[in-house]
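A.B. asks: what follows is a predicted structure for the sequence shown.
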Amino acid sequence: MRGNERDTPPSSVNGDEITGMEDEIIYLDEMEELQFDEEMEDVSDQEEEDAEMEPPEDHAKLVFNKHNGSVFCCDIHPSGKLAATGGEDDKAYVWSVETGEVVLDCTGHKDSVIFVGFSSDGAYLATADMCGLIKVWKCNLENNDPWTVAFEYEADDLTWGQWHFGARVLIFGTVNGDIFVFKVPSGDTKVLQGHNSRVECGKLFKDGVRLAAGYEDGGIKVWDLKTSTVVQHIQPEPNQIRVTAIDTHPENNLLAAISTDGKVILATSSNGKIVGQLETEIDLESVAFVQDSELAYLALGTLNGAVSIWDTTRQMVRHHCAKSTDDVVAGVTKLIWVKTDLVTGCLDGSLRIYDGRSGQQCAMLTGHRSEVLDLCYNEKENLILTTSDDGTARIFKYEVNKGKD
């Protein structure tokens, strides 16, 4: 979290003011010690205040609390029976969504686990830590046999990861800008070479062949995974701030990339032409196209609490679901579409869910005592899994409202 800068107290430059007052002088080292004590008292007072706060009503079906520290990432097995979580304790766990019982302790990681994910067919689990250690585990669901490591690789420091949605292929971005593509379990590897700029985010197109990637220097590339070549390169504007999140349209024709200065770029995937630039609020954090190809909805969430749904054909706001000026809203850390419902994870630990057609809030799920860091949805069992800075993961039961397409 960002720290607050503190101004150093001004010192006197008038010698007359301190002449003859040697007994009352506070020297620099004593001043720092005094200031430190006051800061400690402030922290102590804040801790007492937080301890006295009434915890929110807990709507969770199950709470998993085996991690020691923040829980950064999560996924649910396609069967809806198992969850995987990873955190800053260098640990990843697989556990039952019904009982919370640990099925697998994914040992061997050397840094914070920032990615966990099951393959689309549920045969493999991948876990990866920040320093680049990637482990792929063979899932054993039918018996009590141990889960074995099918593949292991140590890359550069990682920034993000994802499974291919239709093949046993793993994709990871790195700090130095390279993108690794692995076949599982063979370990066959391709490297999509970067240009000495950190690759911040990536998202597959629905054709399963192309990957959109956003970079620290503001550039966007569309990669062909079969040929390992760049088919489109959208050059950054002068002084453009880094691309922090990216998403692709379900019809393969459009990508949306956001930057922290509040800009949203819409570009075509066929020729890389920028067809729109949406001016929004600063501190943009999340972007997501609705997956119904008949709807032209694009959702945006910001850390200062604004949630909006845009019509991409008209490039105008369809709904302001929440505004940063409202007292009751909370900053958005993550958002996903569940059919036409927009699920947002927030800084206050809540899940706020909006009807994408009307923009109205239709549900709110609470339980976490600190910010939501990741969330995912399992359609088979209608489950939402969340992870939080409070050191827990939570399972919520959620069904899309009746009558929605």
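C.D. replies: Good, I have the coordinates. Residues are numbered from 1 along each chain as shown.
A.B. asks: pull out the buried residues from stretch 359-371.
C.D. replies: Gly359, Gln361, Leu365, Thr366, Gly367, His368, Arg369, Glu371 (16 or more other C-beta atoms under 10 Å). Yep, even glycine has a C-beta here, placed from its N, CA and C like the rest.
A.B. asks: and stretch 348-361, by the same measure?
C.D. replies: Asp348, Gly349, Ser350, Leu351, Arg352, Ile353, Tyr354, Asp355, Gly356, Gly359, Gln361.
A.B. asks: what of stretch 292-311?
C.D. replies: 295-310.
A.B. asks: look up the closest residue to Glu101, ignoring the ones flanking it.
C.D. replies: Nearest residue to Glu101, sequence neighbours excluded (C-beta to C-beta, 6 or more residues apart in numbering): Trp95, at 6.2 Å.
A.B. asks: where's that neighbour relative to Val63, distance?
C.D. replies: 11 Å (C-beta to C-beta, to the nearest Å).
A.B. asks: mean confidence score for stretch 309-319?
C.D. replies: The average pLDDT for stretch 309-319 rounds to 93.
A.B. asks: from now on call the first residue 46
C.D. replies: Sure, I'll start numbering at 46, so the last one becomes stretch 354-364.
A.B. asks: buried ones in it?
C.D. replies: Those buried within stretch 354-364 under the rule 16+ other C-beta under 10 Å are Ile354, Trp355, Thr357, Arg363, His364.
A.B. asks: could you dump the residues you listed to JSON lines with secondary structure and distance to Leu387?
C.D. replies: Putting the buried residues of stretch 354-364 into JSON lines (DSSP: H, G, I helix; E, B strand; the rest coil; distance: C-beta to C-beta, whole Å) gives the following:
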{"residue": "Ile354", "secondary structure": "strand", "distance to Leu387": "7"}
{"residue": "Trp355", "secondary structure": "strand", "distance to Leu387": "12"}
{"residue": "Thr357", "secondary structure": "coil", "distance to Leu387": "15"}
{"residue": "Arg363", "secondary structure": "strand", "distance to Leu387": "11"}
{"residue": "His364", "secondary structure": "strand", "distance to Leu387": "9"}
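A.B. asks: closest one of these to Asp435?
C.D. replies: Ile354 (28.7 Å; C-beta to C-beta).
A.B. asks: ok, now how distant is the closest one from Val383?
C.D. replies: The value you get for Ile354 to Val383, if C-beta to C-beta is used, is 14 Å.
A.B. asks: which two of the buried residues of stretch 354-364 have the greatest separation?
C.D. replies: So, those by C-beta to C-beta: farthest apart are Thr357 and His364, at 13.5 Å.
A.B. asks: quick revisit: so which of the buried residues of stretch 404-416 comes closest to Gly232?
C.D. replies: Gly232 has its nearest neighbour among those in Glu416, at 36.1 Å by C-beta to C-beta.
A.B. asks: which of the buried residues of stretch 404-416 sit farthest apart?
C.D. replies: Among the buried residues of stretch 404-416, Gly404 and Arg414 lie farthest apart (C-beta to C-beta), at 28.3 Å.
A.B. asks: go ahead and confirm Gly247 touches Asp292.
C.D. replies: No. At 10.4 Å, Gly247 does not count as touching Asp292 under the criterion of C-beta atoms under 8 Å.
A.B. asks: so how far is stretch 282-289 from its chain's centroid?
C.D. replies: Computed by C-alpha atoms, centre = their mean, to the nearest Å, the chain-centroid distance of stretch 282-289 equals 20 Å.
A.B. asks: then stretch 183-199?
C.D. replies: Relative to its parent chain, stretch 183-199 has a centroid offset of 26 Å by C-alpha atoms, centre = their mean.
A.B. asks: quote the end-to-end distance of that stretch.
C.D. replies: Its start and end residues considered, stretch 183-199 measures 18 Å (C-alpha to C-alpha, to the nearest Å).
A.B. asks: helix or strand with the lowest mean pLDDT in this structure?
C.D. replies: helix 73-97 (a mean of 49; mean pLDDT, DSSP states H and E).
A.B. asks: still on that earlier bit, which residues does the residue nearest to Glu146 contact?
C.D. replies: Contact analysis of Trp140 by C-beta atoms under 8 Å, 6 or more residues apart in numbering lists Phe109, Lys111, Leu127, Ala128, Ala129, Thr130, Glu146, Val147, Val148.
A.B. asks: buried ones among these?
C.D. replies: So, by 16+ other C-beta under 10 Å, the buried ones in these are Phe109, Lys111, Leu127, Ala128, Ala129, Thr130, Val148.
A.B. asks: element containing Glu326, please.
C.D. replies: Counting by DSSP states H and E, no helix or strand carries Glu326.
A.B. asks: repeat that for Val139.
C.D. replies: Secondary structure (DSSP H and E) places Val139 in strand 137-141.
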